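Asker: Just the structure for this:
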Amino acid sequence: MCWGLTGPAPKASRCWSIRHDSAHSVRPAWNDLVDHVDRAGHLAEIGHRLLHVTEPVGGLAGVSAPLALFWLVVGYFQQGRELSVNTRALKEQVRETALLAQNSARQAAAAELQASLTQTSQQRERFREIVDAQPVLRKTNASSAGPVHRINLRNDGGPVRDLKVEYGGPHELTFSPSTTWASGDIGHLQLTQNGTLEFPVDFALSYIDRLDERRSKRLRMPRIFDVDEVGP
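Answerer: So this is what the prediction gives:
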């Protein structure tokens with residue numbers, strides 16, 4: 001039985017209308033289906049051909065993937081081993097560098113100490129030479145004759161020459177011999193009084209020692225006939 005939109009319809013007219021409408025509505029869908037099937041056939045053929053082309057490549061990929069993973073793992077462990085070896089070598093190099101630095105510091109300190117000792121020894125030797133080259137004054141006797149006062153001094157030290165008395169007071173001070181005063185010789189310090197003699201009388205005796213260096217001794221007369229050495 002055929003139905004219309006509002007109820008039962010006449011059998012012939014109603015069924016024909018449905019079939020007619022169905023035919024018109026199914027035909028475009030059928031045509032689309034045929035087109036899709038046709039295109040699917042072409043795609044299937046292309047896919048089949050691509051499958052045959054890519055089968056060797058796929059098989060190679062299936063074999064190479066485990067190999068690649070294997071070599072990746074091997075490379076990882078090899079890199080770790082090389083890194084460990086390099087780390088140990090670097091630590092050993094750092095240790096050797098530290099030892100070299102310590103040895104260098106010790107050598108530098110030893111060289112500095114040796115230089116200091118050598119310098120000290122040289123300074124000590126130089127000081128001894130300077131001391132041995134200086135004259136040493138020892139009073140032997142003294143005398144006076146009016147305003148002239150004479151003090152005799154023996155040189156118990158090194159020989160000297162070119163002797164000069166440096167004095168800026170009102171009196172006259174001289175020393176003889178003025179050219180050379182050898183070791184063990186007697187020298188004469190003479191004070192000629194001008195006016196009142198006031199003590200102490202300070203003066204200096206300048207000379208050239210056997211090291212050919214000009215030096216002087218500061219002397220003082222605290223009273224008549226006495227001479228004291230004050231300093232260089």
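
Asker: CA atoms for contacts and neighbours, from now on please.
Answerer: OK.

Asker: can you pull out the strands in this structure?
Answerer: Applying DSSP state E to the chain gives strands spanning 137-145, 148-155, 160-166, 172-176, 180-181, 186-192, 201-208, 214-221, 228-231.

Asker: Same list (the ones you listed) but as JSON lines, adding distance to Thr87 and mean pLDDT.
Answerer: What follows is those, written out as JSON lines (distance: least, CA to CA, whole Å; pLDDT from 0 to 100):
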{"stretch": "strand 137-145", "distance to Thr87": "78", "mean pLDDT": "95"}
{"stretch": "strand 148-155", "distance to Thr87": "78", "mean pLDDT": "97"}
{"stretch": "strand 160-166", "distance to Thr87": "75", "mean pLDDT": "97"}
{"stretch": "strand 172-176", "distance to Thr87": "85", "mean pLDDT": "97"}
{"stretch": "strand 180-181", "distance to Thr87": "80", "mean pLDDT": "96"}
{"stretch": "strand 186-192", "distance to Thr87": "84", "mean pLDDT": "97"}
{"stretch": "strand 201-208", "distance to Thr87": "72", "mean pLDDT": "97"}
{"stretch": "strand 214-221", "distance to Thr87": "69", "mean pLDDT": "96"}
{"stretch": "strand 228-231", "distance to Thr87": "70", "mean pLDDT": "88"}
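
Asker: what would these look like in a markdown table with mean neighbour count and distance to Gln107?
Answerer: Listed next are those as a markdown table, based on neighbours: other CA atoms under 10 Å; distance: least, CA to CA, whole Å:
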| stretch | mean neighbour count | distance to Gln107 |
| --- | --- | --- |
| strand 137-145 | 14 | 48 |
| strand 148-155 | 19 | 49 |
| strand 160-166 | 19 | 45 |
| strand 172-176 | 17 | 56 |
| strand 180-181 | 19 | 50 |
| strand 186-192 | 19 | 55 |
| strand 201-208 | 19 | 43 |
| strand 214-221 | 17 | 41 |
| strand 228-231 | 13 | 43 |
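
Asker: For Leu100, which of the ones you listed is the nearest?
Answerer: The minimum distance between Leu100 and these falls on strand 214-221, with 50.6 Å, by CA to CA.

Asker: How about residues contacting that closest one?
Answerer: Outside strand 214-221, the residues that touch it by CA atoms under 8 Å, 6 or more residues apart in numbering are 199-209, 227-232.

Asker: give me every residue that touches the closest residue to Asp162 other than its chain neighbours.
Answerer: The shortest distance from Asp162 to any non-neighbouring residue, by CA to CA, 6 or more residues apart in numbering, is to Thr179 (4.7 Å). Applying CA under 8 Å, 6+ apart, one finds that Thr179 lies in contact with Arg161, Asp162, Leu163.
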